[in-house]
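> Okay, sequence plus prediction incoming.
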Amino acid sequence: MNRLRVMAAMTLRTGLAILVSALPAFANKPLGEVQTDQHRVRIVELADNLEHPWSVAFLPDGGFLVTERPGRLWRFSADGRERQPISGLPDVYASGQGGLLDIVASPDFADSQTVYLSYAAGGFIGGANTRLARARLSQNRLENLKVLFSAQPNHEGGLHFGGRIVVLSDGSLSLTIGERGQKSPAQNLMDHSGSVIRVMADGQVPADNPFVSRSDALPEIYSFGHRNPQGAAIHPKTGQLWIQEHGPRGGDEVNLIRAGANYGWPLVSHGVNYNGLPVGAGNPTAPGVTDPIYTWVPSIAPSGMAFYQGDAFPKWRGNLLVGALKDQLVSRLTLDGEQVVSEERFLQRAVGRIRDVRVGPDGLVYLLTDAQNGRLLRLEPAD
């Protein structure tokens, strides 16, 4: 009898193993479905127990890299069920909003194994600011790490580091940098804070950067007058860089980045200061300031963003997907050229604060939730 029980148990385990291996990836943990204007969407949890995850990158084998703000990097299998810690990380300034931020795989990752990292780093004499580094991912270790750019000068406090990296069409790199919660560095061209910078993949300054020939400006600055940009993406048709940034009370913005342009902070805003007083003279625009493409009033606290180009959600093609921290939602913006013609909000309060939004090589949408127990989620069509 005992032998029969053992054989039955073995048969059951073998059958379960075959069944599990045949299950689709969304069997990880379905969280429910939501009906949007264009598609019915299934929400799937791939991984949890992530401490304030900030960024997700895709690997050629279908796996993922996920950063945690306190200074950890994880490599996940394609189904999210296996994770390995990555060693060789730089020291990070993990205070307030600072820490390990973005990670982006180089377009030639399959050959070079190169990744780009942004993080907050402290200075030798105090303060901190945002850095951009390059490294080679060898198995589960970062090797040959090289700092490509360090924002200067350092500022005290743990606010507004920006940190989004984009590889531009010519192979150069852009990095968003917040104004660090300071009053006016975003209008000071001798301070990287409150700017979008552009450098080459080796850290050199591109010869066609807008301020490269000026002695009164830092040559890495590509645009300025930003508050705290934490989302950035390349338009799939025009190749132009779009970003979003946090306003104060109201006035979150989507901006199309143009070389040398001033985006106005803290001279103008569509919002007001947290104490209710006007920003600057209280005007939403001014001569010499580039107006935003779109604003949110009141604020949603926008985070990661991505243009959708894929087959899984065909009615979303060309739309801009923006995550929100405060309002805990995804904002889907429909575009007509450089204008936003409509907005749909979904997932309101359904999964928590959304930190990152990415479109995977499979055409599915991936989200990171910002929490002590943050999660990696996937949106799949449920039509």
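That came through, no problem. Numbers count the residues shown, from 1 in each chain.
> Which phi and psi values does the closest residue to S112 other than its chain neighbours adopt?
Spatially, and ignoring its direct neighbours in sequence, S112 is nearest to S106 (5.8 Å; C-beta to C-beta, 6 or more residues apart in numbering). Where you see a C-beta, it was placed from the backbone N, CA and C, and this is true even at glycine. Per-residue torsions, S106: phi -60, psi 150 (degrees, to the nearest 10).
> Report pLDDT for S106.
For S106, the model assigns a pLDDT of 98.
> OK, contacts around it?
Counting by C-beta atoms under 8 Å, 6 or more residues apart in numbering, S106 makes contact with 112, 114-116, 167, 201.
> are any of the residues you listed buried, and which?
For the contacts of S106, a burial check counting by 16 or more other C-beta atoms under 10 Å picks out 114-116, 167, 201.
> From these, which land in strands?
In this view, the buried ones among the contacts of S106 that belong to strands under DSSP state E are 114-116, 167.
> Among those, which one lies nearest to R136?
Of all these, the one sitting nearest R136 is T114; the distance, using C-beta to C-beta, is 6.0 Å.
> Now do D108 against L145, distance only.
According to C-beta to C-beta, to the nearest Å, D108 and L145 sit 18 Å apart.
> for E344, same thing?
As for E344, its distance to L145 is 41 Å (criterion: C-beta to C-beta).
> Same check on D191?
D191 is 26 Å from L145, by C-beta to C-beta.
> Show me which of these two is the more surrounded one.
Taking other C-beta atoms under 10 Å, D191 and L145 do not tie; D191 has more neighbours (23 against 14).
> Just confirm that one is within a strand.
No: under DSSP: H, G, I helix; E, B strand; the rest coil, D191 sits outside any strand and is assigned coil.
> Spit out the contact partners of the closest residue to it other than its chain neighbours.
Once flanking residues are discounted, D191 sits nearest to P185: 3.9 Å by C-beta to C-beta, 6+ apart. The contact partners of P185, taken as C-beta under 8 Å, 6+ apart, are 155, 179, 191, 193-194.
> let's see it at 7 Å
Applying C-beta atoms under 7 Å, 6 or more residues apart in numbering, we find P185 in contact with 179, 191, 193-194.
> Of these, grab the buried ones for ChimeraX.
The buried residues among the contacts of P185 can be selected in ChimeraX (16+ other C-beta under 10 Å) with this line:
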select :179,191,193,194
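> Which one of the contacts of P185 is nearest to V212?
Nearest member of these to V212, counting by C-beta to C-beta, is D191, at 16.8 Å.
> There's contact between the closest one and A151 in this structure, I believe.
No: counting by C-beta atoms under 7 Å, D191 stays clear of A151, with 8.5 Å between them.
> how far away is A382 from Q309?
For A382 relative to Q309 (C-beta to C-beta), the value is 20 Å.
> nope, V199 is what I was after
Taking C-beta to C-beta, one finds V199 at 26 Å from Q309.
> Same question for A207.
Plainly put, A207 is 31 Å away from Q309 if you go by C-beta to C-beta.
> ditto for A201
Distance of A201 to Q309, computed by C-beta to C-beta: 24 Å.
> Now that we have the ones in strands among the buried ones among the contacts of S106, can you turn them into a markdown table and tack on pLDDT and distance to D370?
Formatted as a markdown table, these follow (pLDDT from 0 to 100; distance: C-beta to C-beta, whole Å):
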| residue | pLDDT | distance to D370 |
| --- | --- | --- |
| T114 | 98 | 27 |
| V115 | 98 | 21 |
| Y116 | 98 | 21 |
| V167 | 98 | 24 |
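> For this structure, give me the ranges with low pLDDT.
1-27 (pLDDT under 70).
> So which residue is dead centre in it?
The centre of the chain sits closest to G304, judged by C-alpha atoms, centre = their mean, with a distance of 4.0 Å.
> and after whichever strand or helix holds it, which helix or strand comes next?
Here G304 sits within strand 302-307, counting by DSSP states H and E. Counting by DSSP H and E, the element after strand 302-307 in chain order, helix or strand, is strand 320-324.
> Show me what that following strand pairs with in its sheet, parallel or antiparallel.
strand 302-307 (antiparallel), strand 329-336 (antiparallel) (DSSP bridges).
> Understood, closing this out.
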